[in-house]
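J.: With the input below, show me the fold.
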Amino acid sequence: MSKTDPIMIEKIHKNFTKYIFIYDNSVTIVYDKLPIKYWKLIIKIAIILSKTGIGPKIYNIDHDELSISMEKIFMFSFKNMRDNIIGERKNQIDEKINQLHGQKLLHNDLHIDNIGYRILDNKNYWEPVFIDYDTITPFNDKHSLPILIRNDKIRYQIPFRKYNHM
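T.: This next block holds a predicted model:
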């Protein structure tokens, strides 16, 4: 495989299929058989997350192809890194959750595989980023659902207190 050939991951959901193409410096997600109403919601959420830094930066949206091109986010790949990440970066992750809820959005599937990281200008510093737009939904003030962060067999439950997880 040459350096420019993407890695392709297919995720089959109940009502649609999601194809993820991973390139050297970007990721493109293409949806198949996704209802337009749902596509519009995903795009709205993707733009909010991009503008606020909660999610990857959006490079391009193609409404004809139902595709989103975005910043490549690094994932936690080693078990020991994954096991330690919640404790070491809990405050940063809590802040991102607060930002997400401040936008009146719930992730609904927040776990270590849906938390990646972006390397900042200072190569020794990074920040958490949430991925998986198609699980995120708007909510109103009447909701008070717990958010679960799970790491393999360990589950960390963060109590939901109106936009605050401290």
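
J.: which stretches of the chain form helices?
T.: Ranges of helices in the chain, per DSSP state H, are 36-52, 79-102.

J.: Break this protein down into its domains, please.
T.: 7-71, 79-158 (automatic domain parsing).

J.: could you dump these to a markdown table with mean neighbour count and mean pLDDT?
T.: In this view, the C-beta of every residue, glycine as well, is placed from N, C-alpha and C. Formatted as a markdown table, these follow (neighbours: other CB atoms under 10 Å; pLDDT from 0 to 100):
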| stretch | mean neighbour count | mean pLDDT |
| --- | --- | --- |
| domain 7-71 | 15 | 93 |
| domain 79-158 | 15 | 71 |
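
J.: my read: residue 105 touches residue 136, true?
T.: Yes. Using CB atoms under 8 Å, residue 105 is in contact with residue 136, at 5.4 Å.

J.: what do the two both touch?
T.: Here residue 105 and residue 136 have residue 45 as joint contacts, going by CB atoms under 8 Å, 6 or more residues apart in numbering.

J.: Angles on the backbone of the residue positioned nearest the centre of the chain, please.
T.: Geometric centre of the chain, nearest residue: residue 131, 1.1 Å, by CA atoms, centre = their mean. Torsion angles at residue 131 (phi, psi; degrees, to the nearest 10) stand at phi -120, psi 180.
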